[in-house]
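Trainee: 3D model of this:
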Amino acid sequence: MSQNNEFLYSAEIQLRVRYSETDQMGYCYYGNYAQYFEVGRVEALRELGMSYKIVEEKGYMLPVSSYNVKYISPAYYDDLLTITTKIIDLKGVRLYFSYDITNEKGQLVSTADTTLVFVDKKTMRPTTPPEDFVSLIFSKK
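Mentor: Below is the predicted model:
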């Protein structure tokens, strides 16, 4: 798991590596991992009670401002992967996530972290997150 043991919320999902997601070497293509992390993030927020759809309906967007990934061991076609998504912190307009991907054997495949920024949908400028979102995040700690 990630080195940081402090987090506000954690959720897990599973997905299977599809054949179309592999390269000529039989590995899951590295470019797919960003999508896997996004699926983990979207589902974690949904499980928390504040889906992306709801956030957008409230007039906010959450673009990614930074993305760091470390590839540790390959994933292969038909591997069942577990994506653990943690909301690490909410500071001002920034929402911090970390991710771990493990395979069916429990081996760590990849780790990552992202920073998202709350942006007003009309002005596209950074803005404070909605109060109900802040309350949800900190009530789960």
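Trainee: wait, doesn't Gln14 sit right on Ile101?
Mentor: No. Using CB atoms under 8 Å, Gln14 makes no contact with Ile101, being 10.3 Å away. Just so you know, the C-beta spots here come from the backbone N, C-alpha and C atoms, and that holds for glycine as well.
Trainee: between those two, who's got more neighbours?
Mentor: Ile101 (27 against 10; other CB atoms under 10 Å).
Trainee: and that one, how far is that from Gly40?
Mentor: 8 Å (CB to CB, to the nearest Å).
Trainee: Report how many residues lie close to Leu81.
Mentor: Neighbours of Leu81 (other CB under 10 Å): 20.
Trainee: Hmm, I typed the wrong one, I wanted Tyr60.
Mentor: For Tyr60, using other CB under 10 Å, the count is 19.
Trainee: before we move on, back to that, touching both of Ile101 and Gly40, which residues are there?
Mentor: 83-84 (CB atoms under 8 Å, 6 or more residues apart in numbering).
Trainee: Tell me where the model's unsure across the protein.
Mentor: 1-5, 140-141 (pLDDT under 70).
Trainee: By residue count, what's the longest helix in it?
Mentor: Of all the segments of type helix in the chain, defined by DSSP state H, the longest one is helix 33-48.
Trainee: How about the contacts made by Ile83?
Mentor: Ile83 sits next to 12-15, 36-37, 39-40, 99-101 when contact means CB under 8 Å, 6+ apart.
Trainee: hey, where'd the helices end up in the protein?
Mentor: 33-48, 52-57, 131-139.
Trainee: mind checking which of these is nearest Leu81?
Mentor: Closest of the helices of the chain to Leu81 is helix 33-48, at 7.0 Å (criterion: CB to CB).
Trainee: which neighbours do Gln14 and Ile101 share?
Mentor: In contact with both Gln14 and Ile101: 81-83, using CB under 8 Å, 6+ apart.
Trainee: tell me the angle of the longest helix of the chain relative to helix 131-139?
Mentor: For helix 33-48 against helix 131-139, the angle by axes from the mean of the first three to the mean of the last three CA atoms, to 10 degrees is 90 degrees.
Trainee: for helix 33-48, packing partners?
Mentor: With contacts defined as 3 or more CB pairs under 8 Å, 6 or more residues apart in numbering; DSSP states H and E, the packing partners of helix 33-48 are strand 9-16, helix 52-57, strand 64-71, strand 80-91, strand 94-102, strand 108-117.
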